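Visitor: Give me coordinates for this.
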Amino acid sequence: MVVVQRGRTSRKPTGGRYKIARGKRKFETGRQPVHTKIGEQKITVLKTKSNSIKMKVLVAKTANVLDPKTKKFTKSVIKTVEECPANRHFVRRNIIVKGTIITTEAGKARVTSRPGQDGTVNAVLVS
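Guide: Next comes the predicted model:
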């Protein structure tokens, strides 16, 4: 089923309904969210409008972790999801989204990238 992301609402400000003048359009479609899990690395590439590409991380094994004190990035293996402010059930399912606190070899880190859209997992160490 197509996910329609944009488009005019079917209700007027008064509460009445608009008459539907046309159907759905290709540029109004969206996609199901990508729930990035922990495991062997798997990335998919999607074509978007204007022949751009969007890389989605389906399964992540490593994260680029920034140490704020030394200002250096290190590639660390992700062990588990510690905390997720977006959805508490993501912790149990080990799903990584932006803002998630993950446990890595370098220590606890907060994810700063959007793995479902950026194609990588970037994180900052949390003290």
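Visitor: How far off centre is the strand ranked longest in the chain?
Guide: In the chain, taking DSSP state E as the definition, the longest strand is strand 72-83. The chain centroid and the centroid of strand 72-83 are separated by 16 Å under CA atoms, centre = their mean, to the nearest Å.
Visitor: Alpha carbons of stretch 18-26, in PDB - could you do that?
Guide: Listed next in PDB are the C-alpha coordinates belonging to stretch 18-26 (Å, rounded to 0.1, in the frame of the first residue of the first chain):
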ATOM      1  CA  TYR A  18     -13.900  18.800   0.200                       C
ATOM      2  CA  LYS A  19     -14.900  17.100  -3.100                       C
ATOM      3  CA  ILE A  20     -11.900  15.000  -4.300                       C
ATOM      4  CA  ALA A  21     -10.800  16.500  -7.600                       C
ATOM      5  CA  ARG A  22      -7.900  14.200  -8.300                       C
ATOM      6  CA  GLY A  23      -6.200  11.000  -7.200                       C
ATOM      7  CA  LYS A  24      -2.800  10.500  -5.500                       C
ATOM      8  CA  ARG A  25       0.400  11.700  -7.200                       C
ATOM      9  CA  LYS A  26       3.800  10.100  -7.300                       C
END
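Visitor: Quick one: residues in contact with that stretch.
Guide: The list of residues contacting stretch 18-26 from outside it, by CB atoms under 8 Å, 6 or more residues apart in numbering, reads 2, 4, 7, 8, 9, 10, 11, 12. Bear in mind the C-beta positions are built from the backbone N, C-alpha and C, glycine included.
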